[in-house]
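J.: got a sequence here, can you build the structure:
(one chain, ligands or ions: 1)
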Amino acid sequence: MNLINDPLQLASHGPVIPVIVIERVQEALPLAEALLAGGVSVLEVTLRTEAALPAIAQLAKTLPEAIVGAGTLRCAADAQRAKDAGARFAVSPGYTPALGAACRALQLPLLPGVATSSEVMTALDDGFSFLKLFPAAAVGGHALLKSWASPFAGVHFCPTGGITPANAPQYLQLSNVRCVGGSWLLPGDAVRAGDWARVTQLARAAQALRPA
Ligand SMILES: O=C(O)C(=O)C[C@H](O)[C@H](O)COP(=O)(O)O
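T.: Residues are numbered from 1 along each chain as shown. From the prediction side, this is the model:
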């Protein structure tokens with residue numbers, strides 16, 4: 001798999017990329033194993049917690065069957081940290097040319113966040129055509145993506161933010177949506193309780209989601 005030349009391959013592993021927040025490093029391995037057991041192998045670990053980078057490093061080393069990436073990149077330094085930890089891809093809530101350039105220099109495939117037509121055009125200018133719509137539901141969701149299909153033909157999206165198992169099939173049915181992102185596979189109470197069977201069950205259900 002060559003994610004650098006074709007980040008869209010991230011979407012070929014299943015319809016849902018889980019957005020993961022790791023509070024304690026020791027949760028990372030059981031949590032990732034639970035997702036893998038449910039068939040979900042592309043894992044976005046957000047750089048929102050202290051535990052994120054050590055967790056990415058651990059998962060990258062111990063779970064070669066997982067494709068572990070870093071989320072919430074906001075600047076070039078984040079890209080460097082993600083790469084150093086062993087992330088194989090990166091996701092950002094928004095886009096700046098500086099972040100795009102840093103990821104390219106590091107050969108770190110980037111799924112950049114966009115919320116407006118101008119941001120789509122800025123990302124396209126810099127060679128990114130697989131984009132995360134964020135925060136999807138808040139900025140127009142399904143209707144926005146449908147409106148973008150024609151002017152932005154050839155651009156693919158991973159809507160994230162407000163996606164649920166109930167509305168995911170409608171998003172997946174859009175011609176310009178290749179996968180969705182969401183945090184629902186990892187409910188806080190299940191993670192705190194170590195209820196990994198529930199995570200596996202949610203992962204399996206997510207993996208089975210189909211266009212409406
Ligand atoms: O931290 C980031 O970079 C993010 O991407 C934020 C996440 O995408 C959303 O928090 C997921 O949204 P929910 O699935 O509605 O919980």
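
J.: now the helices for this structure?
T.: Per DSSP state H, the chain carries helices over the ranges 25-37, 52-62, 76-85, 97-106, 117-125, 136-139, 141-148, 168-172, 188-193, 196-207.

J.: and the chain, which residues reach the ligand?
T.: Contact residues, the chain versus the ligand (Cβ under 6 Å from any ligand atom): 19, 46, 48, 71-72, 93, 134, 160-163, 181-183. All C-beta spots, glycine's among them, are computed from the backbone N, C-alpha and C.

J.: which of those residues lies closest to residue 108?
T.: Closest approach to residue 108 among the residues of the chain next to the ligand (Cβ to Cβ): residue 71, at 12.5 Å.

J.: which positions in stretch 133-153 come out as buried?
T.: Within stretch 133-153, the residues that qualify as buried are 133-137, 140-142, 144-145, 148, 152, counting by 16 or more other Cβ atoms under 10 Å.

J.: pretty sure residue 210 sits against residue 172.
T.: Yes. In terms of Cβ atoms under 8 Å, residue 210 counts as a neighbour of residue 172; the distance is 6.9 Å.

J.: what touches both of those two?
T.: Residues touching both residue 210 and residue 172 by Cβ atoms under 8 Å, 6 or more residues apart in numbering: residue 15.

J.: between those two, which one's more packed in?
T.: A count of neighbours by other Cβ atoms under 10 Å puts residue 172 above the other of residue 210 and residue 172, at 19 against 9.

J.: nearest residue to that one other than its sequence neighbours?
T.: Distances taken as Cβ to Cβ, 6 or more residues apart in numbering place residue 211 nearest to residue 172, at 4.3 Å, with adjacent residues excluded.

J.: from what I can see the one you found touches residue 173, true?
T.: Yes. The pair residue 211 and residue 173 passes the contact test of Cβ under 8 Å, sitting 3.8 Å apart.

J.: that older thread, now tabulate the helices of the chain in CSV and tack on mean pLDDT and distance to residue 4.
T.: Shown next, in CSV, are the helices of the chain (pLDDT from 0 to 100; distance: least, Cβ to Cβ, whole Å):
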stretch, mean pLDDT, distance to residue 4
helix 25-37, 97, 23
helix 52-62, 98, 16
helix 76-85, 98, 12
helix 97-106, 98, 9
helix 117-125, 98, 16
helix 136-139, 98, 26
helix 141-148, 98, 25
helix 168-172, 98, 25
helix 188-193, 95, 32
helix 196-207, 98, 25
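
J.: which one of these lies nearest to residue 12?
T.: Of the helices of the chain, nearest to residue 12 by Cβ to Cβ is helix 196-207, at 12.7 Å.
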